[in-house]
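In: Sequence and predicted structure, then a few things I'm wondering about:
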Amino acid sequence: MDKQAKIFVAGHRGMVGSAIVRRLEQAGYTQVLTRSRQELDLLNQQAVHDFMHAEKPNYLFIAAAKVGGIQANNVYRADFLYQNLVIEANLIHAAHTAGVQRLMFLGSSCIYPKLAPQPLKEDCLLTGPLEPTNEPYAIAKIAGIKLCEAYNHQYGRQYISVMPTNLYGPNDNYDLNNSHVLPALIRKAHEAKLRGDQSLVVWGTGTPMREFLYADDLADACVYLMEQGYDGPLVNVGTGTDVTIRELAETVVKVVGFEGDLSFDSSKPDGTPRKLMDVSRLTGLGWQARTGLEEGIALAYQDFLRRQG
């Protein structure tokens, strides 16, 4: 990628998009385009078309999406399916009609079947039923992957898809009603510490296993793939290692400094039993994650404290 190339990052205020912007600016790219929701409504097909044809970016990173944790995904099923379908379709089609040759679509590990063999390989996509609680989000993301593949096949574009594992880091969402497990634990542990609570309640049994990737590592992988000119099939992005939710909670309370006990509310949903990515395709391309879990949680907690202040 030329350092003067025009690069549009859709969703730049979110955790992933902001990390990609940071990574591009650190690498010396001078024309990174961003638009807030107020400046460009990605649900408005005409507005997206007009923007893309006016700016004609050389590269596009699609990090814009409606996201949330188990509860939000399960409650707002229509919103998650409709909004994500419309956002990705508007961006991908407008990019094509504006002549954008290189595009990266960011998906999610929830695209894979609930009971797929572990670790999750890219070729297990569409081989079994999805996890019911986040099925609408997963279906929207699968549609985005297939849309990219279709434009590549029909029009010779280089629209690639990456599937991140569970993410955390700066600009994460800490709203307890719709956040993911790690930022929710950071906030719960912090507030429990301030109150001097004797125990901290964690949703579920604590036995499900999850993999966590620091957002800036994901951004580094995304920029790396674009710079390498990768134009192959979808790529998993993760660390290749996982922990139980209990182990995750123990690490969070250690970093935060909460000294009470942990208790697990088994009446709450666990979600998928295990979700570990096979990252051999990505490591074969010469990239691997660098930020350890405890180090990353400490960085995320500092970001949380700054935003609270």
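Out: Sure thing, it's come through. Numbering: from 1, shown residues only.
In: mind listing what the longest strand along the chain pairs with, with the direction of each?
Out: When the chain is scanned for its longest strand (criterion: DSSP state E), the result is strand 158-164. Strand 158-164 sits in its sheet next to strand 102-106 (parallel), strand 235-237 (parallel), going by DSSP bridges.
In: list the buried ones in it?
Out: Gln158, Tyr159, Ile160, Ser161, Val162, Met163, Pro164 (16 or more other Cβ atoms under 10 Å). All C-beta atoms are positioned from the backbone trio N, CA, C, and that covers glycine.
In: so the third one sits right up against Met104, yeah?
Out: Yes: using Cβ atoms under 8 Å, Ile160 makes contact with Met104 at a distance of 5.5 Å.
In: What about Pro273, how many residues nearby?
Out: By the other Cβ atoms under 10 Å criterion, the neighbourhood of Pro273 contains 12 residues.
In: likewise the one 5 residues further on?
Out: Asp278 sits with 18 neighbouring residues when counted by other Cβ under 10 Å.
In: worst-scoring helix or strand of the chain, pLDDT-wise?
Out: Lowest mean confidence among the helices and strands of the chain (mean pLDDT, DSSP states H and E): helix 70-75, at a mean of 79.
In: Report all helices and strands that the helix or strand following that one contacts.
Out: Where DSSP states H and E defines the elements, the next helix or strand beyond helix 70-75 is helix 77-97. Packed against helix 77-97, as judged by 3 or more Cβ pairs under 8 Å, 6 or more residues apart in numbering; DSSP states H and E, are the following elements: helix 45-55, strand 59-62, strand 102-106, helix 135-155.
In: Any chance of CSV for these, columns distance to Asn173?
Out: Listed next are the helices and strands packed on helix 77-97 as CSV, based on distance: least, Cβ to Cβ, whole Å:
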stretch, distance to Asn173
helix 45-55, 24
strand 59-62, 19
strand 102-106, 16
helix 135-155, 14
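In: Buried deepest among these, which one?
Out: Between those, the one whose residues have the most neighbours on average, counting mean count of other Cβ atoms under 10 Å, is strand 59-62 (a mean of 26).
In: quick one: strands adjacent to it?
Out: Here strand 59-62 is paired, per DSSP bridges, with strand 6-10 (parallel), strand 102-106 (parallel).
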